[in-house]
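Q: Here is a sequence together with a model predicted from it:
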Amino acid sequence: MSLWTVLLAAGSGTRLAEAAGGVKKQFLSCAGRPLYWQSLAVFARSPAVAGVVVVFPPDDLETAGRELAGLLDAAHPGIPVLTTAGGARRQDSVRNGLAALPREAGTVLVHDAARPFVDAALVSRVADALAAGHKAVIPVLPVTDTIKQVAAGLVTATLPRDTLAAVQTPQGFDTALLRAAFAHAGEDFTVTDDASLVEHLGQPVCTVAGTPENMKITNPQDLSRLESAAHRPLPVTGYGYDVHRYADPARPGKQPARPMKLGGFPILGAPEVLAHSDGDVLLHALTDALLGCVAGGDIGRLFPDSNPDFDNMASGVFVSEALLLTKARGLTITHVDLTIIAQIPKISPHAEAIRMSVAALLALDKSQVNLKATTEEGLGFTGEKKGIKAVALVTGWRLEQ
Ligand code: CTP
Ligand code: MG
């Protein structure tokens with residue numbers, strides 16, 4: 001038996017319709033994809049979840065299903081994603097979602113697509129409680145406002161706040177129990193959450209901690225939350241590593257020998273370096289680190305050394321090209337940390353010039369660029385003075401795409 005998710009995206013979003021230009025909120029564009037994709041991705045990444053049923057409004061089933069198929073083609077989460085049509089009330093959509101579950105779905109999470117900020121830890125808390133044997137689990141938050149009952153503008157009662165909780169989704173259930181609760185409640189019993197059906201059946205509902213971020217997009221003022229989510233920068237790191245062999249008159253290499261440059265700065269009197277390009281080992285590692293930040297592959301893919309155009313190419317060009325790609329993919333660089341590993345030449349006399357040269361290439365302040373150098377204590381090919389290596393680490397922020 002496995003755990004599936006019913007993702008509810010079949011509402012009409014009436015409270016938000018005007019502010020959303022008539023688009024149902026679950027289909028609003030968030031970071032370039034329909035809003036429901038945000039939570040779909042969180043559930044699909046959860047190791048506990050074996051599959052998802054997305055419930056769409058009946059009139060949108062075909063178009064939304066087609067769009068979803070396109071999104072899955074581009075980035076399939078690796079678990080089955082089915083679709084079905086919802087009903088008039090939220091609970092009708094849940095019932096249709098339950099009907100579309102495969103037989104193996106012994107437990108189910110029901111989640112509002114209008115809660116796009118659900119996170120993996122919350123999904124795990126609910127899933128873990130189900131795995132521990134609880135048959136109905138809901139995430140709750142303590143209530144901070146005092147809650148009163150009001151009728152016709154007059155207070156009729158003040159509820160004891162410490163007994164109250166605000167309820168979120170995903171709510172988790174033993175599938176058979178939720179089906180039985182639906183059958184028991186019948187058509188006329190209308191609820192605002194699924195656990196109410198189980199309570200009506202007289203069965204226990206256990207609670208886990210919800211998260212304040214997991215709010216439901218309901219009213220026009222909530223749209224600003226989506227705006228900031230769409231522009232939320234993600235911290236990223238890119239790593240680059242490169243090696244070049246020194247020219248050795250006794251063992252001529254296949255590649256030409258070039259005067260050594262590090263970070264674009266010529267190192268006079270240093271051994272010559274074998275390379276198709278100008279052989280700047282530090283800028284090659286840096287180019288790879290830049291590409292690493294934006295899933296841009298590697299330097300060899302961008303600038304194949306089989307291409308005669310790159311013969312004796314200044315490696316600063318590689319850096320500039322990689323930089324353009326990172327900009328196009330929304331990267332802001334915050335820091336660069338570079339290490340040169342060589343027995344010879346001695347780097348320290350040139351370190352400041354190399355650092356300034358790299359900072360200028362990247363249009364960074366020199367406080368954002370660090371350069372270290374080390375030997376390998378006479379060990380290995382750098383120790384034997386046969387070559388040089390460099391490592392680059394680029395850190396930054398990237399806008400979610
Ligand atoms: N939902 C659904 N089927 C319905 C009604 C609601 O699947 N018949 C879903 C919504 O798409 C949403 C979640 O249930 O993800 C929570 O409902 P709500 O916030 O009330 O959304 P809407 O009903 O779409 O909005 P409104 O009440 O403003 O019309
Ligand atoms: Mg509603």
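A: Arrived safely. Ligands and ions are numbered 1, 2, ... in the order given.
Q: any residues touching the helix or strand bottoming out on mean pLDDT in the chain, and which ones?
A: Of all the helices and strands that make up the chain, the one with the lowest confidence by mean pLDDT, DSSP states H and E is helix 223-230; it has a mean of 78. With contacts defined as CB atoms under 8 Å, 6 or more residues apart in numbering, helix 223-230 is touched by 16, 19-20, 28-32, 35, 38, 116-117, 215, 217, 400. The C-beta positions use only the backbone N, C-alpha and C, and glycine is treated the same way.
Q: now it: how far from the chain's centre is it?
A: Between the mean C-alpha location of helix 223-230 and the chain-wide mean there is a distance of 16 Å, by CA atoms, centre = their mean, to the nearest Å.
Q: Other residues contacting whatever helix or strand comes next after that helix?
A: Scanning forward in sequence from helix 223-230 by DSSP states H and E, the next helix or strand is strand 233-245. Counting contacts by CB under 8 Å, 6+ apart, the residues outside strand 233-245 that touch it are 253, 273-275, 279, 281-282, 284-294, 299, 331-332, 381, 386-400.
Q: what about 6 Å?
A: When contacts are defined by CB atoms under 6 Å, 6 or more residues apart in numbering, strand 233-245 is touched by residues 273-275, 279, 281, 284-286, 288-290, 292-293, 387-400.
Q: Can you tell me which of these end up in helices?
A: Among those, the subset assigned to helices under DSSP state H consists of 281, 284-286, 288-290, 292-293.
Q: Write out the residues of the chain neighbouring ligand 1.
A: By CB under 6 Å from any ligand atom, the part of the chain that sits against ligand 1 consists of 8-16, 26, 55, 86-90, 92-93, 112-114, 216, 218.
Q: Residue 333: neighbour count?
A: Burial of residue 333, expressed as a neighbour count using other CB atoms under 10 Å, amounts to 23.
Q: Might you report the residue contacts of it?
A: Contacts for residue 333 (CB under 6 Å, 6+ apart) come out as residue 396.
Q: is it fair to say it lies in a helix?
A: No - the assignment for residue 333, made by DSSP: H, G, I helix; E, B strand; the rest coil, is strand rather than a helix.
Q: Show the model's pLDDT score for it.
A: Residue 333 is assigned 96 on the pLDDT scale.
Q: Ok, residue 401 next?
A: Spelled out, the predicted local distance difference test score at residue 401 is 53.
Q: And residue 117, by the same measure?
A: Taken from the predicted model, the pLDDT recorded for residue 117 is 94.
Q: which one of the ones in helices among the contacts of strand 233-245 is nearest residue 327?
A: When the ones in helices among the contacts of strand 233-245 are compared for distance to residue 327 (CB to CB), residue 290 comes out closest, at 10.1 Å.
Q: Now do the same for the nearest residue in space to that closest one that is not next to it in sequence: helix, strand or coil?
A: Spatial nearest neighbour of residue 290, chain neighbours left out: residue 322 (4.1 Å); criterion: CB to CB, 6 or more residues apart in numbering. Secondary structure of residue 322, reduced to three states by three-state DSSP: helix.
Q: Please tell me how far residue 322 sits from residue 139.
A: Computed with CB to CB, to the nearest Å, the distance linking residue 322 and residue 139 is 43 Å.
Q: which one of those two has more residues nearby?
A: In terms of neighbours (other CB under 10 Å), residue 322 is the more surrounded of residue 322 and residue 139; the figures are 28 against 24.
Q: ok, and what's touching the helix or strand containing residue 110?
A: Assigned by DSSP H and E, residue 110 belongs to strand 105-112. With contacts defined as CB under 6 Å, 6+ apart, strand 105-112 is touched by 1, 3-8, 39, 94, 130, 169-175, 194, 216.
Q: Strands - which of the residues you listed land there?
A: Cross-referencing the contacts of strand 105-112 against strands under DSSP state E gives 3-8, 171-174.
Q: Let me know the secondary structure of the one residue in the chain that gets nearest to ligand 1.
A: Nearest to ligand 1 in the chain, going by CB to the nearest ligand atom, is residue 11, at a distance of 2.0 Å. Secondary structure for residue 11, judged by three-state DSSP, is coil.
Q: wait, what's in contact with it?
A: If you count contacts by CB under 6 Å, 6+ apart, residue 11 has none.
Q: And for residue 192, the neighbour number?
A: Residue 192, neighbours per other CB under 10 Å, totals 9.
Q: Distance of it relative to residue 394?
A: When distance is defined by CB to CB, residue 192 is 48 Å away from residue 394.
Q: now swap in residue 75 and tell me
A: In this view, residue 75 and residue 394 are 24 Å apart by CB to CB.
Q: buried sites along the strand holding residue 110?
A: 105, 107-112 (16 or more other CB atoms under 10 Å).
Q: Pairing partners for that strand, with directions?
A: When pairs are called by DSSP bridges, strand 105-112 turns out to pair with strand 2-8 (parallel), strand 171-174 (antiparallel).
Q: any chance you could map the strands in the stretch 1-150 of the chain?
A: Chain-ordered strands for the stretch 1-150 of the chain, with DSSP state E, counting those that start in this stretch as the definition, fall at 2-8, 29-30, 33-34, 49-56, 81-85, 105-112, 136-142, 148-151.
Q: In CSV, please show the C-alpha coordinates belonging to the fifth one.
A: Translated: strand 81-85. As requested, the backbone C-alpha atoms of strand 81-85 are provided in CSV (Å, rounded to 0.1, in the frame of the first residue of the first chain):
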residue,chain,number,x,y,z
VAL,A,81,0.6,12.3,-12.1
LEU,A,82,-3.1,11.7,-13.0
THR,A,83,-5.9,14.2,-13.6
THR,A,84,-9.6,14.2,-13.0
ALA,A,85,-12.5,16.6,-13.0
